[in-house]
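1. Just need the structure, nothing else, for what follows:
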Amino acid sequence: MKEGVPAKVHMIAVCGTGMGALALLFREMGVRVSGSDVQAYPPMGNLLRNAGVDLSLGYRPENVPTDADFVVVGNAVSRDNPEVQEMLARGLPYGSFPETLARFFLTARSPIVVAGTHGKTTSTALLAWLLACSGAEPGFLVGGEPVNFGRSSRLGQGDYFVIEGDEYDSAFFDKAPKFLHYQPRVVLFTSLEYDHADIYADLAAIGEQFLRFVALVPPDGLVMVCSEYPGAVEIAGKASCRVETYGYGKDADWVGVLRGRAGECGTLEVVRGERSVGRFPMPLSGRHNGLNVLGCLAILAQMGFPWEGLGACLGRFKGVRRRQEVAGEVKGVLLIDDFAHHPTAVRETLAGLRSRYSGRRIVAVFEPRTNTSRRNVFQAAYADALSEADIVICAPVYRPEALRPGERFSPSALVEDLRRRGIAAYCFETTEAMEEALVKTCRAGDVVLFMSSGSFADLFERLRTKLDESVAVDPGRSSI
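-> Here you go, the predicted structure:
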């Protein structure tokens, strides 16, 4: 075990995506880990238990081990949490998730940080895979589960450590964005739009944090920024290091040209200056994923990795769980699980599926669950985005009581807006009612896309079972 690394760590709210990934890194290092959370749903609960994490459900003072050397506090945990109170009473050393990651895992490494409103998880996973496939043995921490690795983090033995850089705050005692802790040497800046409406007043407030972030990159570092987002380009231009752009427009330093037919992911041609450097297989569909692939290829090419090796590795990338994840086909109904929650992500995901599954009816099932989507700041934008679907089913707002009535997103207003546009749209008060409606309306050939940052109360699996149990999926059914 490295000098200065604690022998026993306790983690409060350990089952979050980032916290769970950090726990796995500690276990890989040989550190004994205990943790607590209010729930431990698969896959994270199983991953932690299988890795030897002593997991407790519920927050109680006695969960904090007597021999704990260090405590990690998740950003969803408040100061009045009983385990936080125990930690403070005993004077135990503690830190936030990003602070702890930087302190024990990024020292003496070369962090590559992926930041931006969209595409962070897929791009982080892809960068980690391309580096690993090229023999670089990177460490990584992804806000999702890359299929190629089967886990969301790895210590790695090489110089590089790839991190998904989140602009959300760090902990109740540290309101700075997580990515300000990550000591970036190389940055992939994917996009910039308004998000996290619970902590940022407007886009300008978010932009100020990204300005602080790019200022951390040393003069010999690199920022690769997507030219499709002028605000991101403007911010990146104020960094003290080299800055390059990528995008579909000819003014970008690295230009991508998507080629392919409907029903295929196609290929991505990469142009540098006036010269085509090659065509590469697209492992994922959609214009937004073309940008993710282009940014990763450009940044690694600038770091000296040969094109030939990158192309061979790209074709073997299997994506990330819950990012356009095809989870099966039942009675001719294709079921797809996705994390899309911001209006732009919803629109681009639907557009990608429309291209890939041309001619098939798309049923979009959407849950307003994140702190931004639960608010009405994007009420009209969600209607624009979801109008890419043929049928829309909207779940109730998650935990509406936490918001003032005038702030809440309105599923009924969404339905009215979509119906005025000629889209069959419905909202329901329970997932049971949604399940019943889906069973009634789904027919052979449909693509059903679930979009939620949560589990949808297992609606996905319940629908799979109900469709499988039905005598037949009537191709004549078309309405709820």
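
2. Can you point out the helix or strand that includes the nearest residue to A128 once chain neighbours are set aside?
-> In this structure, A128 finds its nearest non-sequential neighbour in F140, 3.8 Å apart by C-beta to C-beta, 6 or more residues apart in numbering. Where you see a C-beta, it was placed from the backbone N, CA and C, and this is true even at glycine. When secondary structure is defined by DSSP states H and E, F140 falls within strand 139-141.

3. same deal with L24?
-> Secondary-structure element containing L24, defined by DSSP H and E: helix 17-29.

4. Check what contacts the helix or strand just after that helix and list those residues.
-> Per DSSP H and E, the first helix or strand lying C-terminal to helix 17-29 is strand 32-37. If you take C-beta atoms under 8 Å, 6 or more residues apart in numbering as the criterion, strand 32-37 is touched by 7-16, 19, 23, 26-27, 48, 52-60, 63, 65, 68, 83.

5. Mind doing that once more with 6 Å?
-> The contact list for strand 32-37 (C-beta atoms under 6 Å, 6 or more residues apart in numbering) reads 8-15, 23, 26-27, 53-56, 59, 63, 65.

6. and this structure, what are its domains?
-> The domain map for the chain lists 8-95, 108-314, 325-469, with the assignment taken from automatic domain parsing.

7. so which helix or strand takes in L438?
-> Assigning secondary structure by DSSP H and E places L438 in helix 431-441.

8. buried stuff in that helix?
-> Judged by neighbour count using 16 or more other C-beta atoms under 10 Å, the buried positions of helix 431-441 are 431, 434-435, 437-439, 441.

9. Can you show me the CA trace of the very next helix or strand once past it as CSV?
-> Going down the chain from helix 431-441, the next helix or strand is strand 447-451, by DSSP H and E. Taking only C-alpha atoms (Å, rounded to 0.1, in the frame of the first residue of the first chain), the coordinates of strand 447-451 have been written out as CSV:
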residue,chain,number,x,y,z
VAL,A,447,-38.6,0.8,-30.7
VAL,A,448,-39.3,1.7,-27.1
LEU,A,449,-36.8,4.2,-25.6
PHE,A,450,-36.7,4.6,-21.8
MET,A,451,-35.1,7.9,-20.7
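
10. Can you give the strand pairings for strand 447-451, parallel or anti for each?
-> In the sheet containing strand 447-451, its partner strands are strand 333-338 (parallel), strand 362-366 (parallel), by DSSP bridges.

11. what about stretch 230-242, distance to the chain center?
-> 23 Å (C-alpha atoms, centre = their mean, to the nearest Å).

12. Give me the contacts around that stretch.
-> For stretch 230-242, the surrounding residues in contact (C-beta under 6 Å, 6+ apart) are 189, 192, 210-211, 214, 217, 219, 221-223, 225, 227, 243.

13. how about a cut-off of 8 Å?
-> Among residues not part of stretch 230-242, those counted as contacts by C-beta under 8 Å, 6+ apart are 116, 187, 189-192, 203, 207, 210-211, 214-215, 217-223, 225-227, 243, 245.

14. which strands and helices sit next to the strand holding F140?
-> In terms of contacts (3 or more C-beta pairs under 8 Å, 6 or more residues apart in numbering; DSSP states H and E), strand 139-141 is packed against helix 17-29, helix 120-133, strand 153-154, strand 160-164.

15. F366: which of the ones you listed is closest?
-> Evaluated over these, closeness to F366 peaks at helix 120-133, with 18.8 Å, by C-beta to C-beta.

16. Could you name the helices and strands sitting against the closest one?
-> Packing partners of helix 120-133 (3+ C-beta pairs under 8 Å, 6+ apart): strand 110-115, strand 139-141, strand 160-164, helix 287-302, helix 307-314.

17. that older thread, the residue nearest to A128 against R154, yeah?
-> Yes. With contact defined as C-beta atoms under 8 Å, F140 reaches R154; the gap is 5.6 Å.

18. Can you pull the residues that touch both of those two?
-> A128.

19. With neighbour numbers in mind, choose between the two.
-> Taking other C-beta atoms under 10 Å, F140 and R154 do not tie; F140 has more neighbours (27 against 22).

20. dump the residue contacts of that one.
-> 124-125, 127-128, 149, 153-154, 156, 161-163.

21. repeat that with 10 Å
-> For F140, the contacting residues are 21, 25, 112, 124-125, 127-129, 131-132, 146, 149, 151-156, 160-164, taking C-beta atoms under 10 Å, 6 or more residues apart in numbering as the criterion.

22. still on that earlier bit, I'd like the strands paired with strand 447-451 as JSON lines, with distance to D384 and mean neighbour count appended.
-> Formatted as JSON lines, the entries for the strands paired with strand 447-451 read as follows, by distance: least, C-beta to C-beta, whole Å; neighbours: other C-beta atoms under 10 Å:
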{"stretch": "strand 333-338", "distance to D384": "18", "mean neighbour count": "21"}
{"stretch": "strand 362-366", "distance to D384": "13", "mean neighbour count": "24"}
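
23. who wins for proximity to G445 among those?
-> strand 333-338 (7.8 Å).

24. Which SSE is immediately downstream of the closest one?
-> Using DSSP H and E, the helix or strand that follows strand 333-338 towards the C-terminus is helix 343-356.

25. That following helix versus strand 362-366: what angle between them?
-> Interaxial angle, helix 343-356 versus strand 362-366 (axes from the mean of the first three to the mean of the last three C-alpha atoms, to 10 degrees): 160 degrees.

26. what packs against helix 343-356?
-> Packed against helix 343-356 by the contact rule (3 or more C-beta pairs under 10 Å, 6 or more residues apart in numbering; DSSP states H and E) you find helix 287-302, strand 333-338, strand 362-366, helix 379-386, strand 447-451.

27. mean confidence score for the longest one?
-> Within the predicted structure, the mean pLDDT of helix 287-302 is 93.

28. and it, which residues are buried?
-> Burial within helix 287-302, assessed by neighbour count using 16+ other C-beta under 10 Å, is assigned to 288-301.

29. right, and out of those residues, which lies closest to T372?
-> Relative to T372, the closest of the buried residues of helix 287-302 is H288; by C-beta to C-beta it sits at 17.9 Å.
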